[in-house]
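*Asks:* I need the structure of the sequence given here:
(chains A and B)
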Amino acid sequence: MTSEIAVIGAGIIGAACAESLSSEGLQVVVIDAATAVGTGTTAAGMGHIVVMDDSNAQFALTEYSRRLWNRLAPELPRTGEYEFCGTIWVAAGDEEMDEVRRKQAFYDGRGVQCEILDERSLRKAEPNLRKGLAGGLLVSDDSVVYQPCATKFLIDRAVSNGAKLRLGKKVRVVSDDGVRLEDGEFIAVKKIINAAGIGSGFLDGGLNIIKRKGHLVITDRYPGFVSHQLVELGYLKSAHGNRQDSVAFNVQPRITGQILLGSSRQFGIDDDRIDHRILGRMVKRAFEYMPGLRDLSAVRAWTGFRPATPDNLPYIGLCPEFKNVYLAAGHEGLGITTSLGTAQILTDLILDRPPKIDCEPFSPFRKVEQAANG
Amino acid sequence: MEPVTLSINDKALTVPGGITVASAVLVSGASFFRRSVSGSPRGPLCGIGICFECRLKINGLAHRRSCQVIVEDGMKIETDEQN
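*Replies:* Numbers count the residues shown, from 1 in each chain, chains lettered A, B, ... in the order given. Presented below is the predicted three-dimensional model:
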């Protein structure tokens, strides 16, 4: 039987698309060059489900997606390690507390549960943060997930809905009537979703997807050392900064007691080896916020590449120059969060239903310029 | 070297100075050092800091490789045997 829709990429974005489309009764085939699911950017990241406020569009997509995650949470297997630990945006000084209040007003006005923490309540919530930090903003409905298992769960669901899985198959070229694999096989389909992450630009020539390298470290098990996802308030400066290398304090507690420690951002690098200079900067930054981290043992460090776009928003929708090819790519460091929203938007577009949020800002036809805050 | 007195699971023990914590715990007659994630008992294997099997809590800090730490007076050592 011919499939109706080919999803290229079995990362979290492709998995979410496959699950969503197949649950509507569509025949889906998922194709990935790797021999397992979720092995690319998905496997390298942190699995933080977070509402962002850097633009109205990003807010709408992350908030919508977080609602979908929180609805899905009870159905995830235990291995998905879904935990409502909340995010604390940590303010170092009084100036950053002004930003905390701005953030609080923004979220509050949009129905997102949050709470301003002063110096004392921050210390109480996270005793291992250093003394003298000004405070923070607790966004309580944010969560963390073990994204490789969540990806597997979404793929398994798609397969039980009848989707086919073609792993170890590299796509050579996409066209309006199907995809041609490297081995010459042609898979005829009615519609195609390009969810190939950092590889998606290769398939759609003109697409501006930039690889943004990151490093992560994971520690041994220290239950209780960190309780919330902790992100320095200046994080967006790093996430949206210009082309210079940057680091930011960003740690995540895992259910195992392990602590994930990030983050770094580097453009224009293809080398996936660990860069000890930036890794050192990243870890030092974390020590500034949590001195006690110095005494913990790290068991592993690794790198990954975020698929970034020049204006920090993903491409979701019909691909320019094609009639049947859709894009779900360029989610940078937010792909785990925004996967479910992205999939729902695409499913609605493909089924000619109005998406639940305004998807114009994500249109692949938009004029993409470097963001003003970049 | 001067002998040092430390505690292993709150029991005082005097050992020769200069030895490793792993040696001290072995001298104390412990049957194992820690439990793996799945609960099986573990203890020193390589003795040179590579295998991580001898990890213990030393002065409140978990996951210290006891074969790499020299005993000190007043040191508080905790194995998983106490649990």
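
*Asks:* Single out the residue in chain B that lies closest to chain A.
*Replies:* B:His63 (4.4 Å; C-beta to the nearest C-beta). Placement of C-beta: from N, CA and C, glycine included.

*Asks:* Give me the buried stretch members for stretch A:155-170, please.
*Replies:* A:Ile155, A:Asp156, A:Arg157, A:Ala158, A:Val159, A:Asn161, A:Ala163, A:Lys164, A:Leu165, A:Arg166, A:Lys169 (16 or more other C-beta atoms under 10 Å in any protein chain shown).

*Asks:* oh, I was asking about stretch A:23-31
*Replies:* In stretch A:23-31, counting by 16+ other C-beta under 10 Å, buried: A:Ser23, A:Leu26, A:Gln27, A:Val28, A:Val29, A:Val30, A:Ile31.

*Asks:* Show me which residues of chain B sit near chain A.
*Replies:* Neighbours of chain A within chain B, by C-beta under 8 Å from any C-beta of the partner chain: B:Val37, B:Arg55, B:Leu61, B:Ala62, B:His63.

*Asks:* Contacts only, for the closest residue to B:Ser23 other than its chain neighbours.
*Replies:* Distances taken as C-beta to C-beta, 6 or more residues apart in numbering or on different chains place B:Val15 nearest to B:Ser23, at 7.5 Å, with adjacent residues excluded. Applying C-beta atoms under 8 Å, 6 or more residues apart in numbering or on different chains, we find B:Val15 in contact with B:Pro3, B:Val4, B:Leu6, B:Ser23, B:Ala24, B:Val27, B:Val71.

*Asks:* pLDDT and secondary structure added to the residues you listed, as a markdown table?
*Replies:* Shown next, in a markdown table, are these (pLDDT from 0 to 100; DSSP: H, G, I helix; E, B strand; the rest coil):
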| residue | pLDDT | secondary structure |
| --- | --- | --- |
| B:Pro3 | 96 | coil |
| B:Val4 | 97 | strand |
| B:Leu6 | 98 | strand |
| B:Ser23 | 97 | helix |
| B:Ala24 | 97 | helix |
| B:Val27 | 93 | helix |
| B:Val71 | 98 | coil |
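
*Asks:* For chain B, give me the ranges with low pLDDT.
*Replies:* For chain B, the stretches with pLDDT under 70 are B:83.

*Asks:* actually the stretch 1-150 of chain A, not the one I typed
*Replies:* A:1-2.

*Asks:* again, 90 this time
*Replies:* A:1-3, A:79-80 (pLDDT under 90).

*Asks:* Now do the SS call for A:Leu327.
*Replies:* strand (DSSP: H, G, I helix; E, B strand; the rest coil).

*Asks:* what about A:Ile316, helix or strand, and which?
*Replies:* Per DSSP states H and E: A:Ile316 is located in strand A:315-318.

*Asks:* any idea how far A:Gly80 is from the residue of chain B most remote from its centre?
*Replies:* When each C-alpha in chain B is compared with the mean C-alpha position (C-alpha atoms, centre = their mean), B:Ser38 comes out farthest, at 20.4 Å. Note on B:Ser38: its distance to A:Gly80, by C-beta to C-beta, to the nearest Å, is 20 Å.

*Asks:* try A:Asp53
*Replies:* 26 Å.

*Asks:* Confirm that A:Thr303 lies within a strand, as I assumed.
*Replies:* Yes - under three-state DSSP, A:Thr303 falls within a strand.
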